[in-house]
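Novice: build me a structure from this.
(one chain, ligands or ions: 2)
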Amino acid sequence: MMSKTKEVAIVGASGYSGAELASLIAKHPNFSLSGCYVSEQSLDKNKLLSQLYPEHGVLLDTPLLPLSNSAFAEINAQADYVCLCTDHEVSVTLAPKFLAMGKRVFDLSGGFRLATNADYEHYYGFSHPSLQWLEQAEYGLAEWNAKAISQAQLVAVAGCYPTAALNALKPLKQAGLLSQQQIIINAVSGVTGAGRKANINTHFCEVSLSPYGLFNHRHTPEITQYLDHDVLFTPHLGNFARGILETIYVQLNPEVTHQQVAQAYQVLADEPLIRLKGDQLPSIKGVVGQPFVDIGWQQQGCQLIVVVAIDNLLKGAAGQALQCMNLAHGLAPELGLNGVWS
Ligand SMILES: NC(=O)C1=CN([C@@H]2O[C@H](COP(=O)(O)OP(=O)(O)OC[C@H]3O[C@@H](n4cnc5c(N)ncnc54)[C@H](OP(=O)(O)O)[C@@H]3O)[C@@H](O)[C@H]2O)C=CC1
Ligand SMILES: CC(=O)N[C@@H](CCC(=O)OP(=O)(O)O)C(=O)O
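Specialist: Ligands and ions are numbered 1, 2, ... in the order given. All right, here's what the predicted structure looks like:
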């Protein structure tokens with residue numbers, strides 16, 4: 001039986017993740033775009049989304065509406081799901097308003113992912129304004145939390161770097177193969193990871209390859225919290241548009257065999273959006289424009305190096321948000337994603 005269509009409002013639709021999500025919704029058999037919104041002061045308000053992203057053509061001939069009082073009323077009347085593709089501090093103030101309307105909210109920011117207000121003060125630099133919703137939010141790491149996501153009113157879609165790291169490491173953790181040693185994660189992201197707004201540090205011509213956020217990046221507590229293991233995470237900004245590659249150094253327990261490692265990854269073998277590559281190592285080129293997580297690994301004694309790659313705007317943001325919405329609507333998680341790369 002065909003499921004009823006759900007109407008989806010996208011706030012922050014002119015940004016990189018919002019536009020990617022709008023294009024996925026516009027093509028989806030069971031979702032339709034109820035409206036695309038930007039801030040009231042936006043320089044892009046009332047433009048067509050296709051003017052900003054001509055590569056999507058008429059598919060995104062939809063206006064970017066200012067998020068005014070009348071827009072809130074319109075969303076209240078028309079939308080079933082609201083996706084927040086906005087900065088963390090914007091999301092934490094907007095989400096409670098849409099939740100109070102009874103909407104299901106999918107937040108792509110980090111505003112509802114961490115456990116405590118102290119985490120927000122330390123890693124995000126603000127005091128969380130909505131602790132009761134922080135408590136109720138479910139973590140949108142689709143392969144690992146599907147049941148909770150399917151029932152949640154608020155889904156905190158997992159961060160881009162954590163999505164790669166957690167899918168690479170949770171199988172090993174679950175199988176009890178990790179030693180107590182800290183895991184080292186070296187990650188590199190393309191420039192779209194920093195969003196669309198102009199900034200000298202992320203100006204494409206200024207970027208070569210450089211680390212940032214040493215010891216204090218907000219994805220360190222996110223990975224630690226959902227892996228339940230200590231990690232040393234160092235992101236780098238690379239001079240390419242999209243994609244994330246992480247090289248992860250793991251110390252295994254004594255006597256862990258190659259077969260045990262391969263067996264541990266079998267927990268993900270049937271997941272349609274995970275590609276286990278064994279000793280073939282993933283690359284950015286292999287995942288750009290695709291909804292997958294590619295995971296490869298090589299082992300020498302107790303040392304294991306895991307390499308994982310995703311497209312930051314698909315599996316790292318819009319693709320995973322769509323997976324979560326599919327789960328919420330009782331659909332196959334990969335619906336509307338299996339064809340995006342063809
Ligand atoms: N880029 C990525 O790879 C990933 C991003 N994310 C997260 O997703 C969120 C969006 O990221 P990204 O797409 O990169 O960001 P962008 O900076 O590209 O886009 C932000 C969007 O929010 C809009 N906006 C800003 N302020 C408001 C407001 N007060 N009300 C309504 N809309 C507003 C902007 O439009 P305007 O300013 O014109 O109003 C724009 O449409 C962030 O929280 C980010 O951390 C998550 C995973 C990966
Ligand atoms: C290259 C770059 O700047 N990347 C961003 C992470 C991407 C992102 O927006 O983070 P979330 O997944 O938590 O929302 C950063 O390091 O802050």
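Novice: C-alpha from now on. contacts and neighbour counts both.
Specialist: Noted.
Novice: now do stretch 44-53: distance to the chain's middle.
Specialist: In terms of CA atoms, centre = their mean, to the nearest Å, the centre of stretch 44-53 is found 24 Å from the chain centre.
Novice: how about stretch 213-232?
Specialist: Put simply, stretch 213-232 sits 16 Å off its chain's centre (CA atoms, centre = their mean).
Novice: what of stretch 115-122?
Specialist: Centroid separation for stretch 115-122 versus its chain: 20 Å, with CA atoms, centre = their mean.
Novice: likewise stretch 261-281?
Specialist: Per CA atoms, centre = their mean, the centroid offset for stretch 261-281 relative to its chain is 20 Å.
Novice: equivalent analysis for stretch 209-224, please.
Specialist: Distance, centroid of stretch 209-224 to centroid of chain: 16 Å (CA atoms, centre = their mean).
Novice: residues in contact with it?
Specialist: 113-114, 119, 123-124, 159, 161-162, 165-166, 230-239 (CA atoms under 8 Å, 6 or more residues apart in numbering).
Novice: go again using 7 Å as the cut-off
Specialist: For stretch 209-224, contacts defined as CA atoms under 7 Å, 6 or more residues apart in numbering pick out 114, 123-124, 161-162, 166, 230-231, 233-239.
Novice: closest to ligand 2 among those?
Specialist: Taking CA to the nearest ligand atom as the measure, ligand 2 lies nearest Leu237 of the contacts of stretch 209-224, at 5.4 Å.
Novice: can you name the element that comes right after the one helix or strand that closest one maps to?
Specialist: Under the criterion of DSSP states H and E, Leu237 resides in strand 231-238. Next helix or strand after strand 231-238 toward the C-terminus (DSSP H and E): strand 244-251.
Novice: after that following strand, next one along is what?
Specialist: Trace forward from strand 244-251 with DSSP H and E and the next one is helix 258-265.
Novice: what are the pairing partners of the helix or strand following that following helix, and which direction each?
Specialist: Note on helix 258-265: by DSSP H and E, the next helix or strand toward the C-terminus is strand 274-278. Partner strands for strand 274-278, per DSSP bridges, with pairing direction: strand 293-300 (parallel).
Novice: now the strand it pairs with: buried residues?
Specialist: Counting neighbours by 16 or more other CA atoms under 10 Å, one finds that the buried residues in strand 293-300 are 293-297, 299.
Novice: just send those residues back as a markdown table, with distance to ligand 2 too.
Specialist: As requested, the buried residues of strand 293-300 are arranged in a markdown table below (distance: CA to the nearest ligand atom, whole Å):
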| residue | distance to ligand 2 |
| --- | --- |
| Val293 | 15 |
| Asp294 | 18 |
| Ile295 | 19 |
| Gly296 | 22 |
| Trp297 | 24 |
| Gln299 | 29 |
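Novice: nearest to Thr5 among the residues you listed?
Specialist: The closest of the buried residues of strand 293-300 to Thr5 turns out to be Val293 (CA to CA; 27.9 Å).
Novice: how much space between that closest one and Leu245?
Specialist: With distances taken as CA to CA, to the nearest Å, Val293 is found 10 Å from Leu245.
Novice: okay, and the common contacts of those two?
Specialist: Common neighbours of Val293 and Leu245 (criterion: CA under 7 Å, 6+ apart): 308-310.
Novice: which of the contacts of stretch 209-224 are buried?
Specialist: Buried among those (16+ other CA under 10 Å): 114, 123-124, 161-162, 166, 230-231, 233-239.
Novice: what's Leu177 in contact with, if anything?
Specialist: For Leu177, the contact set (CA under 7 Å, 6+ apart) comprises 252-253, 256.
Novice: need those in CSV with neighbour count and pLDDT, can you?
Specialist: Formatted as CSV, those follow (neighbours: other CA atoms under 10 Å; pLDDT from 0 to 100):
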residue, neighbour count, pLDDT
Leu252, 23, 98
Asn253, 16, 98
Val256, 16, 98
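Novice: out of those, which is nearest to Glu206?
Specialist: Leu252 (39.1 Å).
Novice: so that closest one touches Leu178, yeah?
Specialist: Yes. Between Leu252 and Leu178 a contact is recorded at 4.7 Å, counting by CA atoms under 7 Å.
Novice: can you name the farthest residue from the center of the protein?
Specialist: Distance from the C-alpha centroid of the chain peaks at Glu255, with 35.0 Å (CA atoms, centre = their mean).
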